[in-house]
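Trainee: the following comprises the amino acid sequence and a computationally predicted model.
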Amino acid sequence: MTLHCATGNAGKLREFHALAANRNVNFEMLPEFSRLPPCEETGATFEQNAVLKAGYYSLHASGLLFADDSGLEVEALGGGPGVRSARFAGPRASDEANNRLLLERLRGVSDRRARFVCVIALARAGKVVRTFHGAVEGFILDEPRGANGFGYDPLFFYAPFGCSFGEASPECKLAVSHRGQALRAMLDFLGPGL
């Protein structure tokens, strides 16, 4: 089975491919993705944004397409950066800039509980078929650790591993990650042969 994926994020695409390595599925980037005007992410939740993106981009795909919205929710920031995770430090912010701002906002804060959240929406011809959710709990470190992953991974400490997602191997991270949970749920929904 071929599924189109609506993302321009190379890190996410790598994770999707790794997660489906032993499944009978092929992920293809939507051919027109880079030429289409971007979908406006006006939703207040990850689910709303995933649904907006899947509905919009699936109009340009033959067959099924999935889109995700994911990010970091920090307790002390009232669930922020939340849906603005990728744009926390500005519209075209780098991972480093977002991480720096997060550490600034948490300076002197003792409650550093956080969770990664992912919602995947599966759609065909503009109609959303179903959404799939994943979340993983951790806390924010005082400084980045590790060079693996992307985004907030070097700051996200996962207690069962005893290290940050940036220090964990990609295989270990994907086994428990928010994105891994949501993608596996979608593949299970699509059929036992995947």
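Mentor: On my side now, so go ahead.
Trainee: could you point out which element follows the biggest strand by length in the chain?
Mentor: In the chain, with assignment by DSSP state E, the single longest strand is strand 127-140. Later in the chain than strand 127-140, the nearest helix or strand by DSSP states H and E is strand 156-158.
Trainee: next structured bit after that following strand?
Mentor: Going down the chain from strand 156-158, the next helix or strand is strand 163-164, by DSSP H and E.
Trainee: and that next one, what does it pack onto?
Mentor: strand 156-158 (3 or more Cβ pairs under 8 Å, 6 or more residues apart in numbering; DSSP states H and E). Heads up, the C-betas are built off the backbone N, CA and C, glycines and all.
Trainee: average pLDDT across the strand it packs on?
Mentor: Here strand 156-158 scores 98 as its mean pLDDT.
Trainee: gap between it and the chain center?
Mentor: Distance of strand 156-158 from the chain centroid (Cα atoms, centre = their mean, to the nearest Å) equals 16 Å.
Trainee: list the contacts of the residue most central in space within the chain.
Mentor: The centroid of the chain falls nearest to S70 when counting by Cα atoms, centre = their mean (3.7 Å). Contacts for S70 (Cβ atoms under 8 Å, 6 or more residues apart in numbering) come out as K12, F46, S85, F116, V117, C118, V119, H178, R179, A182.
Trainee: and it, that's in a strand?
Mentor: Yes: according to DSSP: H, G, I helix; E, B strand; the rest coil, the state of S70 is that of a strand.
Trainee: one step back: mind listing the strands the longest strand of the chain pairs with, and their directions?
Mentor: Strand 127-140 pairs in its sheet with strand 113-124 (antiparallel), strand 156-158 (antiparallel), by DSSP bridges.
Trainee: buried ones in it?
Mentor: Within strand 127-140, the residues scored as buried using 16 or more other Cβ atoms under 10 Å are V128, V129, T131, F132, G134, A135, V136, G138, F139, I140.
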